[in-house]
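S.K.: Using only what follows, build the 3D model:
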Amino acid sequence: MAAPRIEATVNPTDIAMQRLYKVAALIFLLCSGLLTSPWWLGRVTIPWDAKAHFYPQLVFLANALHGTDLPFWNPHIFAGSAQIADPQSLIFTLPYLLLAMFDATPGFVAADAVVFITLILGGLALIAFFRDRNWHPAGALVAALAFTFGGSAAWRIQHIGEVLSIAFFAITFWLLARVLERGSWKAGLGAGFFGGLMVIGRDQIAWLCTIILIGAVIWHILAGRGWVGRLKLALPALIVGLVTGSAVIALPIALTVALAQQSNRVLIDFAGAARGSLHPASLLTAVVANLYGTDGPMPDFWGPAMTPVWAANNYVLARNMSDVYFGALPLIAFLAIGLAGSAFIRSEARFLLAAFIAMLLYSVGDFTPFFKLAFAIPGSDLFRRPSDATFPLCALAAILAGYAVHRWMARETKQGSPVSQVLIVLVPFALAVGVAVWKGRFAQASLPLVTAAICLAVSGLLLVGLRRFGPRHAMLALVAIGAVMTADLAVNNGPNESTALPPAHYDVLRTDTQNVTIALLRKKLDETAGPDRRDRVEMAAIGFDWPNLGMIHGFDHDLGYNPVRFELYVEATGAQDHVAVADQRHFSPLFPSYRSRMADMLGLRFIATGIPVEEVDKNLKPGDLQQIARTPDAYVYENQRALPRVLFATRAQDADFEQLIKTGEWPDVDPRETVLIEGAKPDDVVRRPGTARLSFYENTRVRVSVDAPDGGWLVLNDVWQPWWRVEIDNVSVPLLRANVIFRAVQVPPGRHDVRFVFEPLAGLWAQIRSTRAELPK
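M.R.: I've put the predicted structure just below:
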């Protein structure tokens with residue numbers, strides 16, 4: 001993407017060449033089908049976050065859309081969560097929203113297919129990008145395959161949101177190029193739409209890719225003479241794109257910014273972000289995919305992140321985050337043709353190369369001074385892992401590799417020194433061998449090294465053949481590229497522990513699961529249900545896949561798996577982003593134990609733990625909980641002191657909630673009779689007891705029938721959040737924050753119909769107005 005545009009290597013009206021682009025796209029689709037077949041045939045499924053976090057979000061979304069309620073509030077985790085403002089809720093993630101709209105019960109195969117299809121569309125966009133420039137179809141095929149099935153997009157496929165962001169980036173990049181070079185308002189509309197979908201991801205990949213896209217615009221406009229003319233040509237379409245993108249992102253971004261003011265997510269300092277740096281030694285995985293044992297059993301992994309083999313244990317990365325293999329043929333093209341062969345010195349490749357270098361330096365974090373400078377860019381302190389830059393890094397590497405193949409096939413670059421071209425590939429391979437020997441892992445790494453050597457040799461021979469015979473046998477060249485790259489990526493980036501596990505591993509996530517623990521909890525919750533009760537459960541230290549099960553099976557969990565939680569709830573309960581292992585179950589002064597006032601007020605009736613509960617909660621005493629079962633998965637306990645979901649209090653007492661959170665010292669009151677409300681006025685009126693019964697309970701609406709002979713306070717033991725409002729007999733009344741984290745409303749004498757309604761848009765507008773009012777005038 002640069003000016004001036006290059007002269008066409010191939011006449012764009014050449015029917016034969018245009019047919020080759022279609023053939024390249026067809027081969028790409030066939031290769032994609034083969035490479036994704038283990039997933040769509042149901043033999044494996046995308047694991048880890050894709051199932052433990054995103055799949056429950058999808059099921060919850062589908063259930064809401066095909067039910068009678070809206071998916072804007074989630075009552076099943078952390079005692080309630082503002083789902084509409086959560087970046088990972090999938091509500092504004094168009095591919096998954098469409099799936100949830102048309103499939104009431106999406107399964108694993110459908111969920112996996114969405115992410116693969118979106119990536120494949122990104123690959124097709126790159127083929128179109130190459131066609132627009134008349135770059136050789138062989139290069140287009142290389143770029144598309146390397147982008148879709150190489151690098152972080154392959155190794156981190158479980159990180160659904162980030163993968164979708166990079167897929168939308170590819171589509172936006174292609175359309176933006178059309179905007180800049182043709183001034184097409186239709187392309188501007190498309191670029192704005194898909195760029196908006198990218199930004200809606202609200203992750204670091206979207207932020208980095210936005211910077212790249214802005215840089216592409218500036219580079220194109222200012223490259224060489226005639227910038228005024230280029231600006232005039234592109235400006236109207238750029239405005240169309242900006243307006244369209246702004247319309248797409250306005251509401252999701254505003255909701256998330258508003259949620260951030262209430263959440264636990266804080267700005268990340270440089271030291272905290274730097275812990276997510278990619279160790280430079282991890283770049284050797286571009287040559288030897290499984291050098292460090294990434295795709296094998298966890299104990300066999302010996303990479304530079306979080307393993308005793310290396311001294312750099314201050315860096316915190318999952319093993320799959322450090323693998324950047326995008327294919328042997330693209331790697332050789334990048335190194336031997338692009339760098340050693342000087343293919344990247346042409347103007348059309350300079351921006352791509354500059355962006356690649358920037359992402360490379362950013363990804364390695366504090367291993368170079370660059371990250372310190374880049375950390376000053378607005379928004380950088382919102383993200384915790386510079387290594388996430390490997391997503392755009394690998395995407396740019398794929399495009400550059402494809403461009404190098406184009407130059408090679410079109411014979412627009414010199415053959416170069418064979419010695420330098422061979423050495424630039426052999427040196428990093430030799431370094432990989434040296435690292436394995438140095439760390440005493442040569443025997444373990446021998447198979448990956450041999451595999452890499454074979455792939456490099458075959459790919460190198462293919463490139464030599466393409467140079468000699470490719471121009472005359474272009475169709476055969478495309479078939480050969482597809483076959484070699486598919487075999488390479490299937491062997492080196494194929495299903496492994498990080499990207500694919502048997503569906504049976506996730507049986508507990510199926511709505512029709514026969515899991516004994518789930519069946520027991522369902523049975524017990526049905527037995528204890530009552531007009532005023534909707535008991536909660538906690539599932540701690542059972543496994544990675546358990547914390548969000550409530551979203552699938554209808555449990556109300558006091559914890560969950562989500563990096564975004566209300567700050568108030570975190571401070572009051574100690575809730576962490578996960579509770580897969582015992583160390584992640586933190587308690588707080590206000591919730592010091594399962595035997596506590598807060599546990600009872602939450603209605604925490606059943607507790608399932610993967611180990612004896614005394615090993616999770618060190619403060620428990622004999623008799624505090626009653627063990628009711630031992631299943632294959634968990635020890636199950638009952639807290640018979642758990643209070644109902646709705647209570648009717650006849651007395652209100654003032655309390656300092658901030659102090660309560662700090663000390664955990666509750667006043668000596670009975671929550672069935674007295675509600676704590678900040679600023680409550682002393683009241684010695686003696687009121688007769690009242691009753692409260694749940695008429696119905698849905699995501700965004702809760703209706704309670706109240707009989708209050710002398711008036712009082714209705715307490716709903718769901719987490720308080722300012723976007724909720726309350727009505728008594730269809731008349732809006734103030735929503736009160738009660739007992740530190742819960743909701744309440746003062747009720748006049750008599751029988752009343754009380755409705756709690758979640759209204760995020762009205763709440764957002766009120767929050768914006770409040771923020772504006774607080775600004776200095």
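S.K.: Which secondary structure elements does the helix or strand harbouring residue 773 sit against?
M.R.: Per DSSP states H and E: residue 773 is located in helix 760-774. Applying 3 or more CB pairs under 8 Å, 6 or more residues apart in numbering; DSSP states H and E, we find helix 760-774 packed against helix 227-260, strand 724-728. To be clear about C-beta, it is placed using only N, CA and C from the backbone, and glycine gets the same treatment.
S.K.: so which strand or helix has the spatially most central residue of the chain?
M.R.: A centroid search over the chain (CA atoms, centre = their mean) returns residue 161, at 3.7 Å, as the residue closest to the centre. Using DSSP H and E, residue 161 maps to helix 160-182.
S.K.: Now do that helix against helix 227-260, angle only.
M.R.: Angle between the axes of helix 160-182 and helix 227-260 is 160 degrees (criterion: axes from the mean of the first three to the mean of the last three CA atoms, to 10 degrees).
S.K.: Name the nearest residue to residue 234, sequence neighbours excluded.
M.R.: Excluding the flanking residues, the one nearest residue 234 by CB to CB, 6 or more residues apart in numbering is residue 180, at 4.9 Å.
S.K.: quick one: contacts for that neighbour?
M.R.: Counting by CB atoms under 8 Å, 6 or more residues apart in numbering, residue 180 makes contact with 1, 216-217, 220-221, 230, 234.
S.K.: pLDDT at it, what is it?
M.R.: We note a pLDDT of 97 for residue 180 in this prediction.
S.K.: so what's the residue nearest to residue 176 when sequence neighbours are not counted up against?
M.R.: Counting by CB to CB, 6+ apart, residue 191 is the residue found nearest to residue 176 once chain neighbours are left out, at 4.7 Å. Taking CB under 8 Å, 6+ apart as the definition of contact, the neighbours of residue 191 are 172, 175-176, 178-179, 241, 244-245.
S.K.: Closest one to residue 507 out of the residues you listed, please.
M.R.: Proximity of these to residue 507, judged by CB to CB, is greatest for residue 172, which lies at 38.4 Å.
S.K.: That closest one and residue 214 touch, don't they?
M.R.: No. Counting by CB atoms under 8 Å, residue 172 stays clear of residue 214, with 11.6 Å between them.
S.K.: Between these two, tell me which one has more neighbours.
M.R.: Just comparing residue 172 and residue 214: by other CB atoms under 10 Å the higher neighbour count belongs to residue 172, 29 against 11.
S.K.: List the contacts of that one.
M.R.: Shown in contact with residue 172 (CB under 8 Å, 6+ apart): 191, 194-195, 198, 209, 213.
S.K.: rewinding a little: just confirm the residue nearest to the centre of the chain contacts residue 89, I think it does.
M.R.: No. With contact taken as CB under 8 Å, residue 161 and residue 89 are classed as non-touching, separated by 10.1 Å.
S.K.: Confirm residue 713 sits in a strand?
M.R.: Yes. When classified by DSSP: H, G, I helix; E, B strand; the rest coil, residue 713 is found to be part of a strand.
S.K.: Low-confidence regions, the chain specifically.
M.R.: Along the chain, segments meeting pLDDT under 70 span 1-14, 265-266, 306, 311-313, 413-416, 775, 777.
S.K.: hmm, try it at 80
M.R.: When residues are selected by pLDDT under 80, those of the chain lie in 1-16, 265-267, 305-309, 311-314, 411-416, 470-471, 772-777.
S.K.: chain center to the helix holding residue 773: distance?
M.R.: For helix 760-774, the distance from its own C-alpha centre to the chain's C-alpha centre is 27 Å (CA atoms, centre = their mean, to the nearest Å).
S.K.: Ends of stretch 638-648, what's the gap?
M.R.: For stretch 638-648, the first-to-last residue distance is 24 Å (CA to CA, to the nearest Å).
S.K.: same check, this time on stretch 547-565
M.R.: Looking at stretch 547-565, the gap from its leading to its trailing residue is 14 Å under the measure CA to CA.
S.K.: Is residue 629 located within a strand, as I assumed?
M.R.: Yes. Counting by three-state DSSP, one finds residue 629 located in a strand.
S.K.: Double-check it against residue 520; I have them as touching.
M.R.: Yes. Look at residue 629 against residue 520 with CB under 8 Å: they come within range, at 5.6 Å.
S.K.: list residues touching both of these two?
M.R.: Common contacts of residue 629 and residue 520, defined by CB under 8 Å, 6+ apart, comprise residue 636.
S.K.: Verify the stated contact: residue 385 with residue 274.
M.R.: No. Between residue 385 and residue 274 no contact is recorded; they are 9.7 Å apart, counting by CB under 8 Å.
S.K.: how long is stretch 403-418 from one end to the other?
M.R.: Here stretch 403-418 reaches across 20 Å from its first residue to its last, counting by CA to CA.
S.K.: any idea which of the contacts of residue 180 is closest to residue 129?
M.R.: The closest of those to residue 129 turns out to be residue 1 (CB to CB; 8.8 Å).
S.K.: I'd like to know how many residues surround residue 372.
M.R.: Around residue 372 there are 12 other residues, counting by other CB under 10 Å.
S.K.: what about it, which SS state?
M.R.: At residue 372, secondary structure determined by three-state DSSP is helix.
S.K.: rewinding a little: what residues does the residue nearest to the centre of the chain make contact with?
M.R.: Applying CB under 8 Å, 6+ apart, one finds that residue 161 lies in contact with 54, 87-88, 93, 201-203.
S.K.: residues in contact with stretch 690-698?
M.R.: Under the contact criterion CB under 8 Å, 6+ apart, stretch 690-698 has outside partners 68-69, 75, 531-532, 534, 645-648, 650, 702-710, 712, 714, 747, 753.
S.K.: run the last query once more with 6 Å
M.R.: Residues lying outside stretch 690-698 but in contact with it, judged by CB atoms under 6 Å, 6 or more residues apart in numbering, are 69, 531-532, 646, 648, 703-708, 712, 714.
S.K.: The residues you listed, buried ones only, as a ChimeraX selection?
M.R.: A single ChimeraX command suffices to select whichever of the contacts of stretch 690-698 are buried according to 16 or more other CB atoms under 10 Å:
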select :69,532,646,648,703,704,706,708,712,714
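S.K.: In helices, which of the contacts of stretch 690-698 fall?
M.R.: Among the contacts of stretch 690-698, no member is found in helices (DSSP state H).
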